[in-house]
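Student: quick one, structure for this:
(2 chains)
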Amino acid sequence: MRKSDRVSSTLELDGVSRHFGPVKALDGLDLTVKPGELVALLGPSGCGKTTALRIVAGLEITTTGELRVNGVRYNETPASQRDMGMVFQSYSLFPNLTVAENIEYGLRARKIASEQRQKRVREMLDLVDLGPKEKSYPHQLSGGQQQRVALARALAIEPRVLLLDEPLSALDAQVRGQIREEIRRIQIELGITTLFVTHDQEEAMAISDRVGVMSHGKLEQIDTPIALYNSPATPFVASFVGQANRIPAQITAKGKAKVLNQKVNISDNAGSFDEGSQVHVIIRPELLEIASESDTEATRGIVALKSFLGPTTKVGIAVEGAPLIHLNIASRDVRKLEIGDKIAFKISSDEVMAERV
Amino acid sequence: MAERMKKFSLKWPLITLSSFLAFFIFLVPLYGASVYSFKGNGGKGHSWVNYQWLIHQDGFYPSLFTSLKLAVLAGLLNLLLMVPTMVYLNLKGQRYKSLIDFLCILPLIIPVVSLAIGAQVAMPKMLQNSEYELVFFFVIIALPYTYRALDTSLQTVALKTLVEASRSLGASWSRTIIRVIVPAIRSGITGALFLTFALSIGEYTITSLLHWETFPTWTVVAAQQNILGAIAISVFSFVSAIVLLAAIALFAKKRSKRVEVEA
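Tutor: From the prediction side, this is the model:
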């Protein structure tokens, strides 16, 4: 299966909601995934991302709204007739079938001729590099191999849309990185429209064209990973995507605040605040830097935490009247720093985001 | 002290006790019956004469064949009825589960006489005049055991995700049940088949009340003519049942092991 075999599809969710009694699992989701695009839905547990994916797969019904693929309404189409390839968190390989038979399963259901089936299975095995394992049973494979079989099985049917439901969360860290890159390589190679659900921001940012951050059944923001990180639309996105310090501050004038004895500008995204009101400013650890002892504008504190992360070290500084403040500093610059040392630091960004207390 | 307590295990005393109980309750009577079943004419010497008498009795083969036929049909009908039902209950019908569980236990509560007479009246006329009506009774009396065997097996597999994976790949419900669910719960299905077969082949009360002749009812009549022959019948029934059930269990085990061996 190569790009030309099936034209990539456009997936549209138009005001899609799913209510379970009084609980709104999904609340008016609007989302368009362009042909060949990989969009990740990111959010904490219970935010509605899996419900959205299951609605697209036909495993869940909509309460309101419309689901379209290439402009055709899909709300009433049964799961078995949607042509969606789905990869599950728990692999869900059929334990009584071999690797090749698992991949062939969807093709048999479509009554595709034996010769064609064998050819497609061979292509898929090559694609996920599992040719020698074709006669193995799922229990004889590692977690990573099982998930590659699940991916091959979903792709074998030439789906209109590939749906990935937290496909990496059951794997260990090293394998997760490999499979993540493999999914992206295959997705680009086949040019298949893909919706990827995860709660792991690193995963979402690493392989997606766009990331949609969800909270309480709603899409908070959808944008490229870089835009999402640098220009979060809401305080929730700012704190959920990447690490962030929430530091108490006071509004001194319109668009200005005083935090840790320093003056900062408040970004427009956060809305307006009354002069004198108390807010929390959200500052990423890399926007704080160590200052010299003589710097009068710097904030002073005591090193309370030091976590070596390889190229960078996470330093936690205890400051009076504020929660523990985290900085990400190049490891070579903090080699001599010990817990209990006095330290000065300051905000290196002109503009920060704020939220009401 | 704690170390000594740790070393003390109830495992071996329990195994010894259960072995003694099994020996006295189960094996001693069976051994005694076997010895008597091989007594010669007039109770002297040892020979096959009682078994020869048994197989030459009128009605031996027809009644045995009828029992086997009805037991196989009951096993199949039971699976046909209960596998889709249990799959539905475990997938979507959780709220009906306690009701169905209760209904399936009823055959243990309702006296067999009431069941036989009452249910027969409710049967279509066509079935009332056919020995095949027994198949339905056998299915009913096996329900409490089949329900549990299948339910336990279904609880051990990730039923929901397997079904969803199969459906999202374009498979129909029937293909999903036959190709995915049945192989995944093979042990439960074998158990259910096993129990239905065993209950059906040995069922006496309902068959007798409804005046049909199967191997158990034939046995009662035949046993009145020859006391040593009657003992031979009971040993034959017992050994045949064990051999048949062992064959089913062995077949099921072989099939599930094949999955591992083939690769």
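
Student: now A:L107: closest residue in space that isn't a chain neighbour?
Tutor: Leaving aside its chain neighbours, A:L107 sits nearest to A:R117 (4.6 Å; criterion: C-beta to C-beta, 6 or more residues apart in numbering or on different chains). Quick note: C-beta positions are derived from backbone N, CA and C, even for glycine.

Student: how many neighbours does the one you found have?
Tutor: A:R117 has 19 neighbouring residues, counting by other C-beta atoms under 10 Å in any protein chain shown.

Student: surely it touches A:E104?
Tutor: Yes - in this structure, A:R117 is within contact of A:E104 by C-beta atoms under 8 Å, at 5.4 Å.

Student: okay, and the common contacts of these two?
Tutor: Common neighbours of A:R117 and A:E104, using C-beta atoms under 8 Å, 6 or more residues apart in numbering or on different chains, do not exist here.

Student: checking the residue nearest to A:L107 next. Helix, strand or coil?
Tutor: helix (DSSP: H, G, I helix; E, B strand; the rest coil).

Student: that one: what's it in contact with?
Tutor: A:E104, A:L107, A:R108.

Student: list the buried ones in stretch A:63-72?
Tutor: A:G65, A:L67, A:R68, A:V69 (16 or more other C-beta atoms under 10 Å in any protein chain shown).

Student: figure out how far that stretch is from the centre of its chain.
Tutor: How far stretch A:63-72 lies from its chain's middle: 23 Å, per C-alpha atoms, centre = their mean, to the nearest Å.

Student: how about residues contacting that stretch?
Tutor: Residues from elsewhere that reach stretch A:63-72 (C-beta under 8 Å, 6+ apart): A:9-19, A:28-29, A:55-56, A:73-75, A:82, A:160-161.

Student: quick one: buried residues of stretch B:172-187?
Tutor: For stretch B:172-187, the neighbour count (16+ other C-beta under 10 Å) marks B:R175, B:T176, B:I177, B:R179, B:V180, B:I181, B:V182, B:P183, B:A184, B:I185, B:R186 as buried.

Student: let's see which of those residues end up in helices.
Tutor: B:R175, B:V182, B:P183, B:A184, B:R186 (DSSP state H).

Student: was I right about the fourth one contacting B:V163?
Tutor: No - using C-beta under 8 Å, B:A184 makes no contact with B:V163, being 10.1 Å away.

Student: hang on, the earlier thing: now the ones in helices among the buried residues of stretch B:172-187 as TSV including distance to chain A?
Tutor: What follows is those, written out as TSV (distance: C-beta to the nearest C-beta, whole Å):
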residue	distance to chain A
B:R175	6
B:V182	9
B:P183	4
B:A184	6
B:R186	8
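
Student: what is the nearest of the residues you listed to B:L27?
Tutor: B:L27 lies nearest to B:R186 out of these, by C-beta to C-beta, at 31.3 Å.

Student: could you list the low-confidence segments of the chain?
Tutor: You didn't say which chain, so I picked chain A. Low-confidence segments of chain A, defined by pLDDT under 70, span residues A:1-7, A:268-271.

Student: actually chain B
Tutor: In chain B (pLDDT under 70), the answer is B:1-8, B:252-263.

Student: can you give me phi and psi for whichever residue of the stretch 201-350 of chain A sits closest to chain B?
Tutor: Going by C-beta to the nearest C-beta, chain B is nearest to A:E203 of the stretch 201-350 of chain A, at 20.5 Å. With angles defined as degrees, to the nearest 10, A:E203 sits at phi -60, psi -50.

Student: return the residues in contact with it.
Tutor: A:A40, A:L168, A:R176, A:R180.

Student: and of the residues you listed, the nearest to A:G242?
Tutor: A:A40 (14.7 Å).

Student: correct me, but that closest one touches A:A206?
Tutor: No - here A:A40 lies out of contact with A:A206, judged by C-beta under 8 Å, at a distance of 9.4 Å.

Student: out of those two, which sits in the busier spot?
Tutor: Neighbour tally, A:A40 and A:A206, criterion other C-beta under 10 Å: the higher count belongs to A:A40, 27 against 14.

Student: any idea how far chain B is from that one?
Tutor: In this view, A:A40 and chain B are 20 Å apart by C-beta to the nearest C-beta, to the nearest Å.

Student: give me the distance between stretch A:115-130 and the centre of its chain.
Tutor: 30 Å.

Student: okay, and the beta partners of the residue nearest to A:A204 when sequence neighbours are not counted?
Tutor: Spatially, and ignoring its direct neighbours in sequence, A:A204 is nearest to A:A40 (3.8 Å; C-beta to C-beta, 6+ apart). A:A40 has these beta-bridge partners by DSSP bridges: A:F196, A:V211.

Student: so who does A:A40 touch?
Tutor: If you count contacts by C-beta under 8 Å, 6+ apart, then A:A40 has A:F196, A:V197, A:T198, A:E203, A:A204, A:I207, A:S208, A:R210, A:V211, A:G212 around it.
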